[in-house]
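1. here you go, sequence then predicted model.
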There are 2 protein chains.
Amino acid sequence: MPPDGVKGDTAPLALEPWYDFHEVGWHLGECRMKLLTQAGIAVIAAAATLFGVPAWAGDPLPSWNDTASKKAIVNFVTAVTTKGRSEYVPPERRIATFDNDGTLWVEYPMYTQALFAFDRVKELAPQHPEWKTKQPFKALLEGDMETVGASGMKGLIEILMATHSGMTAAEFETTVLNWLATHKHPKFDRLYTESVYQPQLELLAYLRANGFKTFIVSGGGIAFMRSMTEKLYGIPPEQVVGSSIVTEFQIRDGKPVLVRMPKIDFINDKAGKPVGIYEHIGRRPILAFGNSDSDIQMIEYTMAGTGPRLGLFVHHTDADREYAYDRESHVGMLDKALDQADAKGWIIVDMKKDWKTVFPAK
Amino acid sequence: MPPDGVKGDTAPLALEPWYDFHEVGWHLGECRMKLLTQAGIAVIAAAATLFGVPAWAGDPLPSWNDTASKKAIVNFVTAVTTKGRSEYVPPERRIATFDNDGTLWVEYPMYTQALFAFDRVKELAPQHPEWKTKQPFKALLEGDMETVGASGMKGLIEILMATHSGMTAAEFETTVLNWLATHKHPKFDRLYTESVYQPQLELLAYLRANGFKTFIVSGGGIAFMRSMTEKLYGIPPEQVVGSSIVTEFQIRDGKPVLVRMPKIDFINDKAGKPVGIYEHIGRRPILAFGNSDSDIQMIEYTMAGTGPRLGLFVHHTDADREYAYDRESHVGMLDKALDQADAKGWIIVDMKKDWKTVFPAK
């Protein structure tokens, strides 16, 4: 969830009252099955490489149409993995970073993590009688999302702190997993964890089968994302970079625990993304994939390295199958990146034209 | 380099005037050769696993004597990697964390990173005429290490900030690599990068061949360590957790750069180690290896997880081949950990008795 300003400004955020449409669902099983199959492909590919067989006999990206975007990806991967070519990059430097919200899973009409926080406020309300009169909690409990939005980033951070701190790391993870297991996206009748982009799952698997290490670099909370990235994308917790709050080591009842404190540690967004990459990965990516102006710095940093580089943005152009939004959107605004893409050689992936399917089969 | 207090206290540090004995050397080639051989073993082991052949036909830890420490390690690795056993741990949870100074390479009589900083002060002195009268720089330039030590952690942090910030990330890495390529440990006539422990190189390779992911979790500077951990230990930058200073994304001459700022971001030491593990790895290790009281919290956190766990400390008992120091030492103090080891089931690895050899053959 990329906060658009972290200095406590009170510019209104356009929040709409759609988040009540959640429904309960239990379809995670199929989603996992799909991912296991992809892991299987990667193992077969790795084994095939050992015996000199091409890793991908068929089309590695079947959910991508044969457009310029797909050709650019395949040409890039071929170039950096072919020994003897001037573009060759050794495996340890094949670092690929992906934004999460709007790049790997749905972010519209509101970031999933914000919905989680709003729900938690409702669940925690009985323990916080003071919220009945305290904004932005009062408005949130009354379903007045316009007032919540008007409280700006300052209000949103108060909501995040109230719902993301004050518990141990293990307790927080359990809470997130329980929420994710039972909440669906209102438009797609899918769990949020099923509202991932099939073409991107294929791209992640294709990159890994070609020796890439895949990372998430997102404005979202690092602990929130880590609870599910391994199951959803095959990306382990140690390859997730995100925003964080301060954590403290404490001994409770003789047991060491990590306690989440109500203080922001790092905002991994915009100019924070290259910094997060430096802190967590320590190496410049050769491929970076985002979907909003918040990803510009990550992609600039990636492209500024020597040798072959690929920078891509998902452009949400598909009102039927997903959503269409860009320059005027209150989430995932894509504006400056569209203006600069041609001059800077960034690839704009047009969801409607470039993706054959959007979501995994159910 | 584990700072022993970060709140600017002025307790004296016992620094001695030994650090002038550096000599120039160019023996990195042999060291790399050794590591390539180990990487080769890992590949063969991985291939063997595919075909159901035991990964290690011979002794995986030839530089370890057949003592209780070695047996505990081999028994642990066998238990967690044998399917069907109650102790079995799936590969993605086989996280092993190692301290660096005194655990993987020599830290005595002074942390290598501090020596680097002291040398940098001398090299930078012409650009800082004010250091001629400003402590602790004045004392350092005059070789008066007693006064430098008396300036305490506050003084040491001033020296670190003056030498570790104010440049881009890329410039800093080049400076570190140049220094490491030309500076030898006074006692061993080896480059610092060659003053690594052969038994630990074998242990890292053995763990990786058994599906472990190996991490460094050290009080040392994360960028300082990352410049060399891949070559020295086969541990890539993204698997290094350390102390950090604030870094800023800037555009300079139209190029995006990361600039190191004179402000501490995080101290990855003592109670900071479990926090650093949470932030960078996001998963509790099942094996942790340290050598000083600064590693107690990391090992407590590791051991507190469910299922099989292994916590180990190197005890520096070998005055002939390396050094003998523990309870009274000004670096790498090992005192409380020795007292608690038996009761808590921590393994104290006795360098003199448990290690057949200390350093790689030259």
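-> Received, thanks. Numbering: from 1, shown residues only, chains lettered A, B, ... in the order given.
2. now do the strand or helix carrying residue A:276 and helix B:272-280, the angle between them.
-> With elements taken from DSSP states H and E, the one containing residue A:276 is helix A:272-280. Interaxial angle of helix A:272-280 relative to helix B:272-280 (axes from the mean of the first three to the mean of the last three Cα atoms, to 10 degrees): 130 degrees.
3. only the buried residues of the helix or strand that helix A:272-280 is followed by, if you could.
-> Past helix A:272-280, further along toward the C-terminus, the next helix or strand under DSSP H and E is strand A:287-290. In terms of neighbour count (16 or more other Cβ atoms under 10 Å in any protein chain shown), strand A:287-290 has its buried residues at A:287-290. In short, each C-beta sits where N, CA and C put it, glycine included.
4. so what pLDDT did residue A:53 get?
-> Looking at residue A:53, its pLDDT is 41.
5. unless I'm mixing things up, residue A:220 is touching residue A:117, no?
-> No: applying Cβ atoms under 8 Å, one finds residue A:220 not in contact with residue A:117, separated by 11.5 Å.
6. the more surrounded of those two?
-> residue A:220 (27 against 22; other Cβ atoms under 10 Å in any protein chain shown).
7. list the buried residues of the host helix or strand of the more buried one.
-> When elements are assigned from DSSP H and E, residue A:220 belongs to strand A:213-221. Within strand A:213-221, the residues that count as buried by 16+ other Cβ under 10 Å are A:213-221.
8. using PDB, write out every CA atom in it.
-> What follows is strand A:213-221 as a C-alpha-only set of coordinates in PDB (Å, rounded to 0.1, in the frame of the first residue of the first chain):
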ATOM      1  CA  LYS A 213      16.000 -14.400  -8.000                       C
ATOM      2  CA  THR A 214      12.600 -12.800  -7.700                       C
ATOM      3  CA  PHE A 215      11.900 -10.100  -5.100                       C
ATOM      4  CA  ILE A 216       8.900  -8.100  -4.000                       C
ATOM      5  CA  VAL A 217       9.600  -4.400  -3.400                       C
ATOM      6  CA  SER A 218       6.400  -2.700  -2.300                       C
ATOM      7  CA  GLY A 219       5.100   0.100  -0.300                       C
ATOM      8  CA  GLY A 220       2.900  -2.500   1.500                       C
ATOM      9  CA  GLY A 221       3.800  -3.600   5.000                       C
END
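9. ok so, going back, from the buried residues of strand A:287-290, which is closest to residue A:110?
-> residue A:290 (18.6 Å; Cβ to Cβ).
10. for the closest one, give its distance to residue A:151.
-> Distance from residue A:290 to residue A:151, counting by Cβ to Cβ, to the nearest Å: 27 Å.
11. pLDDT below threshold where in chain A?
-> The model of chain A has pLDDT under 70 over residues A:1-57.
12. in it, which spans are strands?
-> A:95-98, A:184-185, A:190-191, A:213-221, A:240-252, A:255-266, A:287-290, A:310-317, A:324-325, A:347-350 (DSSP state E).
13. how about the ones you listed in JSON lines, adding distance to chain B?
-> Shown next, in JSON lines, are the strands of chain A (distance: least, Cβ to the nearest Cβ, whole Å):
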{"stretch": "strand A:95-98", "distance to chain B": "8"}
{"stretch": "strand A:184-185", "distance to chain B": "25"}
{"stretch": "strand A:190-191", "distance to chain B": "22"}
{"stretch": "strand A:213-221", "distance to chain B": "7"}
{"stretch": "strand A:240-252", "distance to chain B": "4"}
{"stretch": "strand A:255-266", "distance to chain B": "5"}
{"stretch": "strand A:287-290", "distance to chain B": "12"}
{"stretch": "strand A:310-317", "distance to chain B": "12"}
{"stretch": "strand A:324-325", "distance to chain B": "26"}
{"stretch": "strand A:347-350", "distance to chain B": "19"}
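14. give me whichever of those is most buried.
-> Each of the strands of chain A was scored by mean neighbour count; the highest is strand A:287-290, a mean of 29, by mean count of other Cβ atoms under 10 Å in any protein chain shown.
15. alright, I will stop here.
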